[in-house]
Structures are given as structure tokens and as C-alpha cells.
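*Asks:* Fold the following, please.
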Amino acid sequence: MIRLRQLTLSRGGRVLLEHVNASIATGETVALVGPNGSGKSTLLDAISGAALIDAGEIDLAPMRIVRLAQQAPSGAESAWQWVELGDRALAGARAEAASAQQTGDPARISAVHERLADLRAHSAEARAMELLAGLGFSHDEARGPIDSLSGGWRVRLNLARALFVDSDLLLLDEPTNHLDLDAIVWFERWLSRYPGTAIVVSHDRDFLDRVARATLSIEDTALVRYSGGYSAFEAQRAERMQHAAKAQLAQRERVAHLSAFIERFRAKATKARQVQSRIKALERLVAIAPARLQRGVDFTLADIGDSPDPLVVADSVDAGYGSQPVLRGVNLTVSRAARIGILGRNGAGKSTLIRTLVGELAPLAGQCERARSIRVGYFAQHAVDGLRDDDSPLAYFQRLDPQAKEASLRDELGRYGFGGENALRALGPMSGGEKARLALSGILRTRPHLLVLDEPTNHLDALTRDALTDALADYDGALLLVSHDRYLLRSSVDRFVLVRGGGASEFDGDLDDYLVWLQRGESAESASRAQRADPGNPRSDRRQERRDAATRRQAMAQIVGPLDEEIRKIEMRLAATEQRIGRLELELAEPELYRDALRPVQLARERGALSRERDEMESRWIELSESREAKILAFERGDPC
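*Replies:* Coordinates of the predicted model:
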């Protein structure tokens, strides 16, 4: 159990969290959400002991804590060796074994070998290689030097190292940012089997929906707990804000009524006692904070006007670099209204394909014809590298459109989140998310016939992702999208191309079909046969897969169904209890109530009883949740439940 008691955290003189209380049950996976800069990473630092707290306390039992590193590693050692070196206990035991061998002390040698056995030293290399394979590393990449890997792959090494070390608490800050969809699906399965507690910061709503049992949301220096993943959090928060808005309106009306009475009768001696009682009542009222809607940016995609059709036609194209093709025999037509998602592992050739389609790379063979009058908006993974650190958002837009008036550009920048003085800030110190948002807005304003987005959401927060998703839904041009964000893919495209095995072909199915296909765990031989037959058709074994999945769901439901039902009932009772407590507090704030000496006492007693009942239900909810997680873990391991 982790408990935050009256915790206050600040950074750079700014209060991030103030007097917050929260608890996380053992074995829970909890999402930590909030706007950029709200204090998510600082809270993880405080829990891990890397940051000082200003007030309050973090109560947690002695445990092995692993925090996902953010800095990309470097060095000449192989990837798997670097992952293994993350286990300091194992490294220390090996050093001790080498020292013991030199002394020739049999007792010492025996003791250290027992310790190595406890640390599973014999399987360390295999476990490291298995983790790297799950995260998408090839055998050669896993055994090659770190310095031969690109930046994104080095960041993946940090995740592999964090997962390799035995831990009781995992603190994961944006673990999916540099993962492709295949690796994310593998990581979700790994995390579902993790027996410890995990706190995850992520802007990937689908990922959080699949792994999180609860959500902690940072809201105006407060920390609010919601049940379920990101989608459940959104729904509950919207309902909570509606209630808060109603309560605020009711309070405003009470304040206005009391103030009017005080002003009317302040000078009348006969009303002196009533006036004083209302003044005291007005002072007792604690102002309800306004319900603040988190507002994202407003991406705007103007009507593209007349457009050629088709826009791009690839005929038997070989795509690659120098004389070495990465993809062979690609045939693809992008029509005026095409909305295509590009699927495939990192390194399979997705970026090579789209760079060839937009004209950045010349085909090594075949023909790639683009319409003569086509306007292409291309957001590459490293689009922010084209921004100048000494530019401001306004200067950047002025270079893109020298004829535009400053007032018009400022209005436009305001919609993208760069209003007021932010339009004049230097780009150098800005966050990756701010730079990505600016580069993306510069592309969207060109009214492209064909919009090509290669991992556009890597640095964007949840609100900005939602704004981009809404804009793409209204976009009337053609779209080519490479993304690991399943919500964005589902909302924005209607067909898929699978890049795999040196080719690219239409994928016969939707995103859910692709996820099922990824999870089949087919053998290398059957995978090779499927690729030779038709690399884009996963439907052959889908009926059996669905039957197997249904059988597994039924077995799981029999095990955890009674617990889920009791948890659901407790959550319903908790919600009803919270509502009743809220109504009692509003009633106890009414001045007229205190004309009756008995009624306030009755209501106060009822509120106290309900508060105690709420505490008991919360404790029972935690017990049931821990029991549920234990049963799921046993089921996954094949142990008797």
C-alpha cells in the first residue's frame, strides 16, 4: 500500500500539488494523468525518493522501486548486456563470485553461488533477449553495440532494463512514446502479468484503458482518484464537473440572497440579530471552485478546394536507400478521399514507403507518379528538427507566410496554444510537445490535398491529441497516417496497408483484426507460410482464435465474476453515499436550518455515520481489488485459482 498524506510538492517556486491525499493498493496499475507541467513527473520523483517534498508524507513499506529512465544510453557494450547490467544485485553477486574464486574459500564460493541461483543468473541472458525481442529488437540488434542504434531504439533499451529488474513498484513515465503498435501490444500483455504495483504516466488512452485499474488526475494542485482507465476517467470527470457547476450556481444564488438581505436590513435595529446571523452564515460559506474545463488547442484544417484525383500512384515500386531496397514491388493508389493507416513493426519500412510516396526518396525501380498540382503536407517523426531555436512561433509563421498580417497570424497562433506572450517566446527552451504542436500547425495551415503524418502524437499531450483527432475527422483531403495511437487510427482512417517482410499490401481487416493477429503467437514456420501466401490476410485462423478467446473470457469470468459483481455494488454504494454526503453538507450550510436546534445535530450525525461507512467500503474495495488481481495473476500463470 502506498499512501500520500497531506502531500505538498513544488518546483521552481510553483506549487504543483497541495495537501493531497491518495492511496494505491498493492498490485494495482494506476494511470497518472494531468496537463503538461502539472507535476506528474515530479510526483514520480518524490515517490522514488529522487525529489524532496515540501510538506506531508509518502507512506510506503520497504520495496524495490524501479523508475523508467528518460536519457538515452550510449556505449560499446551490447544491448542485452546493458539491459542485464541494470540488475545491480546480480552484477554485485557476479563480482562477489569472481572474488570468491580467487580466494578459493569453499564456504564463500558455495554461498555466492546460492545467491546467484536465487537471482536467476543462469537465465539472465535469455530473459534479457526475450524482453528485447518483445520490444521489437532483432537478434542482431540485441547483440550489437548500443552506439549502433538510433535514438528511439536506445530509449526502448531503458524500458527493457526497467522490466528486467525484479521490482515491487514500477514508475513508468511515457513508456510507449517510442514503441510501435506491435511492441505496445506485447508490453500490455507483460504489464497485465506484472505482480507488483505500477504507476503509469501516458497520453495513450487505449494503452491506459487496457492496463489501468484506476486513474489519479492532477487537477488544480489537487489529486483526484477515479476508477478505471482513461475513458472511464473522462466520463466520471465530466459528470463530476457537471455536479460542481450546479453546486457553484446554487452557492452563488445563496450568496446573492444573503448579501441582498444584509444590504436591505443592515440599518434596521429590529433586524440586527437576523443580519448578524446572515453575515456569519456568509462567512462560513467556503467558495466552491469553478469547474474548469481543460481546453485543448484548436487545430484547423481548411477546405482543400479543387483537388486532382488520383493523387499518387505507385506501380511496382522498389523503395530504399542507395542501391539497397527496403521494400519491393509496391503497388498503391492514393485517391482524393483516401484515408489510409500504415501498419508494421518499427524498421519494417513504413517511413521509407511514405518518403517515397511524397517524393523525398526516388524509387529504385518502378514508377511513382504524383499529380502535377498536388499540395502535400508531410509531418515527419523529426519535424521539430527543422525549427530554429532562436525563432519564436510568430517569427516561424511569418517566414511561412511573409504576406500575412501580424494580427492574423497571432489569432491563428492563439488557436494552436501560442497566444499572447507565448507567440514571442524563443523555441529553444520549449518542450518537445510545444515544438511538435507548432511544426504540425505550420503544416496544417497549407491546405494540403494529401496529409502525411508519421507518428504525429509522440510528444503531444492527451488534449492536443484529441484536438488533432477532431480536426482530422473533418478533413476533406487524403490522409496517410503512421501512428501507434490506436484511438487516432480508429478515428481517422478507414483502410490499412501492412508493411512486412520487404513488401507492402492491403490489410484485410480492421485495427481489432490486426491486434488479434499480432497476439496469435504463431510459430516462425506458420508465419513464413502466411507471408508467402498473402502477407496482408490474417483471416484464415480467425474463427478458431475467436473461439479460443471466448473460452478464455468465460473461464476468466467464472473466476473473477463474483468479485467484479461485489466491486460493482460497492462502487454504486460509494457513489450514492458520496452524493448523500454532498447533499448533507449543502443542507448544513443553509442558515435557515439553524432555527431548529435539533435538525442540524441530526444531519451532522448522519454525515458522520456516512463518512465512517464510506471509509469501510473503501477498505473493502481495496481488499477485493487485491484479491481480483491475485486471481488474474494465478490464472495467467496457470496456477489453480
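*Asks:* ok, residue 308 to residue 415 distance?
*Replies:* Applying C-beta to C-beta, to the nearest Å, the value for residue 308 to residue 415 is 29 Å. Placement of C-beta: from N, CA and C, glycine included.
*Asks:* likewise residue 18?
*Replies:* Using C-beta to C-beta, residue 18 is found at 32 Å from residue 415.
*Asks:* what about residue 317, which SS state?
*Replies:* Of the three states, residue 317 takes strand under DSSP: H, G, I helix; E, B strand; the rest coil.
*Asks:* now the closest residue to it other than its chain neighbours, what's its secondary structure?
*Replies:* Nearest in space to residue 317, with sequence neighbours left out and distances taken as C-beta to C-beta, 6 or more residues apart in numbering, is residue 366 at 3.9 Å. Under the three-state scheme (three-state DSSP), residue 366 adopts strand.
*Asks:* Settle this for me: residue 366 is touching residue 318, isn't it.
*Replies:* Yes: contact criterion C-beta atoms under 8 Å: residue 366 and residue 318 qualify, at 6.0 Å.
*Asks:* Show me whatever sits in contact with both of the two.
*Replies:* Counting by C-beta atoms under 8 Å, 6 or more residues apart in numbering, the common neighbours of residue 366 and residue 318 are 329-330.
*Asks:* Against residue 38, how distant is residue 54?
*Replies:* 16 Å.
*Asks:* Comparing those two, which residue is more hemmed in?
*Replies:* Applying other C-beta atoms under 10 Å to residue 54 and residue 38 shows that residue 38 carries more neighbours, namely 19 against 14.
*Asks:* residue contacts, that one?
*Replies:* Counting by C-beta under 8 Å, 6+ apart, the residues that residue 38 touches are 16, 218.
*Asks:* In terms of pLDDT, where does it sit?
*Replies:* Turning to residue 38, the model gives it a pLDDT of 82.
*Asks:* State the phi and psi torsions of residue 225.
*Replies:* Per-residue torsions, residue 225: phi -100, psi 140 (degrees, to the nearest 10).
*Asks:* pretty sure residue 490 is touching residue 511, no?
*Replies:* Yes: the pair residue 490 and residue 511 passes the contact test of C-beta under 8 Å, sitting 5.7 Å apart.
*Asks:* residue boundaries of the helices in the stretch 351-500 of the chain?
*Replies:* For the stretch 351-500 of the chain, applying DSSP state H, counting those that start in this stretch gives helices covering 393-400, 406-415, 432-444, 462-474, 486-492.
*Asks:* Over to the stretch 101-250 of the chain?
*Replies:* Assigned by DSSP H, counting those that start in this stretch, the stretch 101-250 of the chain shows helices spanning 106-118, 124-134, 139-143, 151-164, 181-193, 205-211, 230-265.
*Asks:* Report how many residues lie close to residue 425.
*Replies:* Residue 425, neighbours per other C-beta under 10 Å, totals 16.
*Asks:* typed the wrong thing, it's residue 411
*Replies:* 11.
*Asks:* Now do it against residue 394, distance only.
*Replies:* Counting by C-beta to C-beta, the gap from residue 411 to residue 394 is 11 Å.
*Asks:* Then residue 519?
*Replies:* For residue 519, the distance to residue 394 equals 48 Å [C-beta to C-beta].
*Asks:* which of these two has more neighbours?
*Replies:* Each of residue 519 and residue 394 has its neighbours counted (other C-beta under 10 Å); residue 394 has more, 18 against 14.
*Asks:* What residues does residue 81 make contact with?
*Replies:* Listed by C-beta under 8 Å, 6+ apart, the contact partners of residue 81 are residue 128.
*Asks:* so where does it fall, helix or strand?
*Replies:* For residue 81, the host element (DSSP states H and E) is helix 79-85.
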